[in-house]
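Prediction below, plus the sequence it came from.
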Amino acid sequence: MPEEQTVAEPTLGKQPDKKPPRKRGRWAVRRPKRLLLLLGVLGPGLVAAAAGDDAGGIATYAQAGASYGYQLLWLMVIITVSLGVVQEMCARMGAITQKGLADLIREEFGVRWTAFAMLCLLIANGSTVVTEFLGIKASIQVLAGDGTWLVYLGVPLVALLVWWLVIKGSYRRVEKVFLVMALALLSYIPAAFFAKPNWGEVLHQTVIPSFSLAGGFIATFVALIGTTITPYMQVYVQSAVADKGIQPKDYPYEVVDVYSSSVFGNLVSYFIIVATGATLFINHISVSTADDAARALEPFAGPAAKYLFAIGLFGASMLAAAVLPLSTSYALCEAFGFERGVSRSFREAPVFQSIFTGLIVIAVIIALIPNLPIISILINLQILNAILLPVLLIFILRLVNNRRLMGSHVNGRVYNLIAWVTTLAVSVMAILYILISLILPLFGVNLGG
């Protein structure tokens, strides 16, 4: 940043009866301009954070609170730090290189590694697109009841609306509407207070880690990681920063965006766990449907709880239902040099249009399957995200520490320590989950829990 300068107040002649002019820093002179710039830069991190508290996130956080009370609150504190660091690294690469993550992977690692990385991204993002339409289905079920014709009519119509808004370039106009709807999930914060939890126990579990090798605990632990540091969020943030043309000189404002958004998103997640722990866990109520997750809002919203929950769930799911298939299509086409862009026709960009439309169609078909155990599917898909996450993190770390690309903006020691420990920890937990939940049961060993 430029050095601070002093600017004297203009005066007209000598005025000894007045105080001498007060020196002001550059910030005081240019405060309105800086504020407008800050507001212009804010966005990618906030949208990613709000979309992160989607159907898969709510299901996972509610399940954690209902099944284990406050035992996993300490993990949310650690995940928030890790999420902020990972998001910042991707945003920094977008600002310095002005390129998306897929583009950098292709340039630095070649076609084979790019194909591997994009396959992992396609699986992770494709599964998350499914969770968004399951969330839309669940929100309609909460309002209209399961099995009604509204569910089977509403989900395809919403999917068609999302597709049309993106293709016509109108999604940005209504994105703020979905963002405001998603903010209804903030009601979990007052709901946690109205539920009157044991705050001493909440604080204790927040700062003192507890752990178990029980299969259920490990599955929930891994799902929490996968739904909080979701692979698509990294791709989206870097691409959004590059597309907005944020320059290195303006980058400090983007740092505010990614860190404040990470804290904001995970604060909501934290209180979802507290609210469900204080209402469902103590009453031995498991989360098997969306209605169960909505019950945690009853101490605050009463009979309106299900409506508040449904609005928030719908808004968060709609945010990601457009962002996810679109960012995935851009990433895959960027990686392999295909024509891309929502303004291009199918003939001009067949691969782009096929991926974008195909992801939505497949997700809708899966969501419309009758009698799906939605909560169980949502949590298992978050586990899949966590298993695939280390692959993307390793590529990110290799790129952000490449001095030829980043110059003096490579990671420092603290950033590298946090990022590599995060990658190692996620890898270990994913392997542990596979061992305890998938392999040992084949030999008759079931740790349960």
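Now that the structure is in, tell me what you want to look at. All of these numbers come straight from a predicted model, not from anything done at the bench.

Mind jotting down where the helices sit in the stretch 301-449 of the chain?
Assigned helices in the stretch 301-449 of the chain, in chain order: 305-336, 350-367, 374-400, 403-406, 413-433 (criterion: DSSP state H, counting those that start in this stretch).

and those helices, which is most packed in?
helix 305-336 (a mean of 24; mean count of other CB atoms under 10 Å). (C-beta placed from N, C-alpha, C; glycine too.)

mind checking how far it is from the chain centre?
Centroid separation between helix 305-336 and its chain, computed with CA atoms, centre = their mean, to the nearest Å, is 10 Å.

next one: stretch 403-410
27 Å.

sorry, back to before: out of the helices of the stretch 301-449 of the chain, which is closest to V235?
Each of those has some distance to V235 by CB to CB; the shortest is helix 305-336, at 5.3 Å.

Against which helices or strands is that closest one packed?
With contacts taken as 3 or more CB pairs under 8 Å, 6 or more residues apart in numbering; DSSP states H and E, helix 305-336 sits against helix 44-52, helix 55-68, helix 101-144, helix 149-167, helix 171-182, helix 231-243, helix 290-294, helix 350-367.

between it and helix 231-243, how many degrees?
Angle of helix 305-336 versus helix 231-243, following axes from the mean of the first three to the mean of the last three CA atoms, to 10 degrees, is 60 degrees.

can I assume A331 is in contact with A124?
No. A331 sits out of contact with A124 when judged by CB atoms under 8 Å, with a separation of 11.2 Å.

any idea of the angle the helix or strand that contains I218 forms with helix 413-433?
If you go by DSSP states H and E, I218 is part of helix 215-228. Between helix 215-228 and helix 413-433, the angle comes out at 140 degrees (the same axes, to 10 degrees).

What are the contacting residues of helix 215-228?
Around helix 215-228, the neighbours that count as contacts under CB atoms under 8 Å, 6 or more residues apart in numbering are 52, 56-57, 60-61, 63-64, 67-68, 72, 75-76, 79, 83, 211-212, 266, 269, 379-380, 382-387, 389, 426, 429-430, 432-433, 436-437, 446-449.

Which of the residues in stretch 263-278 are classified as buried?
264-278 (16 or more other CB atoms under 10 Å).

Mind listing what's buried along stretch 208-221?
Within stretch 208-221, the residues that count as buried by 16+ other CB under 10 Å are 215-221.

Sorry, wrong one. I was asking about stretch 193-209.
Of the residues in stretch 193-209, those buried (16+ other CB under 10 Å) are 194-195, 197, 202, 205-206.

Report the separation between the two terminal residues of that stretch.
End-to-end distance for stretch 193-209, by CA to CA, to the nearest Å: 23 Å.

before we move on, back to that, distance from the chain centre to the helix holding I218, please.
Using CA atoms, centre = their mean, the offset of helix 215-228 from its chain centre is 16 Å.

swap in stretch 265-273?
The answer for stretch 265-273 is 12 Å, by CA atoms, centre = their mean.

repeat for stretch 105-116
25 Å.

Need the pLDDT of the nearest residue to Q87 once chain neighbours are set aside.
With CB to CB, 6 or more residues apart in numbering as the criterion, Q87 has its nearest non-adjacent residue at 4.2 Å, and that residue is V258. pLDDT, V258: 82.

and what of A320?
A320 carries a pLDDT value of 83.

where does this protein dip in pLDDT?
1-53, 145-147, 170-172, 175, 448-449 (pLDDT under 70).

Please spell out which residues along the helix or strand hosting I79 are buried.
Element membership for I79 (DSSP H and E) is helix 73-97. For helix 73-97, burial by neighbour count (16+ other CB under 10 Å) applies to 73-76, 79-80, 82-97.

sorry, back to before: among the helices of the stretch 301-449 of the chain, which is nearest A159?
A159 lies closest to helix 350-367 among the helices of the stretch 301-449 of the chain, at 4.7 Å (CB to CB).

relative to helix 374-400, how tilted is the closest one?
If you take the same axes, to 10 degrees, helix 350-367 sits at 150 degrees to helix 374-400.

can you list the residues that contact helix 350-367?
125-126, 129-130, 132-134, 136-137, 155-156, 159, 162-163, 166, 321, 324-326, 328-330, 332-333, 336, 338-342, 344-346.

if you set the cut-off to 7 Å instead, what comes out?
For helix 350-367, contacts defined as CB atoms under 7 Å, 6 or more residues apart in numbering pick out 126, 129-130, 132-134, 137, 155-156, 159, 162-163, 325-326, 328-329, 332-333, 338-341, 344, 346.

Which PyMOL command selects the buried ones in those?
Provided next is the PyMOL selection string for whichever of the contacts of helix 350-367 are buried by 16+ other CB under 10 Å:
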select buried, resi 126+129+130+132+133+134+137+155+156+159+162+163+325+326+328+329+332+333+340
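
which SS state does H284 fall under?
Of the three states, H284 takes coil according to DSSP: H, G, I helix; E, B strand; the rest coil.

so who does it touch?
By CB under 7 Å, 6+ apart, H284 has no neighbours at all.

From the buried residues of stretch 263-278, which land in helices?
Judged by DSSP state H, the subset of the buried residues of stretch 263-278 located in helices is 264-276.

and the two most separated of the residues you listed?
That would be F264 and T276, which, of those, are the farthest apart (CB to CB) at 19.5 Å.

Tabulate the buried residues of stretch 208-221 (JSON lines), appending distance to V111.
Listed next are these as JSON lines, based on distance: CB to CB, whole Å:
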{"residue": "G215", "distance to V111": "39"}
{"residue": "G216", "distance to V111": "41"}
{"residue": "F217", "distance to V111": "41"}
{"residue": "I218", "distance to V111": "36"}
{"residue": "A219", "distance to V111": "35"}
{"residue": "T220", "distance to V111": "38"}
{"residue": "F221", "distance to V111": "36"}
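
quick check, nearest of these to T289?
Nearest to T289 out of the buried residues of stretch 208-221 is T220 (CB to CB; 17.5 Å).

distance of that closest one from V86?
Taking CB to CB, to the nearest Å as the measure, T220 falls 21 Å from V86.

Check the burial of V180 by counting its neighbours.
Other residues lying near V180 total 12 when counted by other CB atoms under 10 Å.
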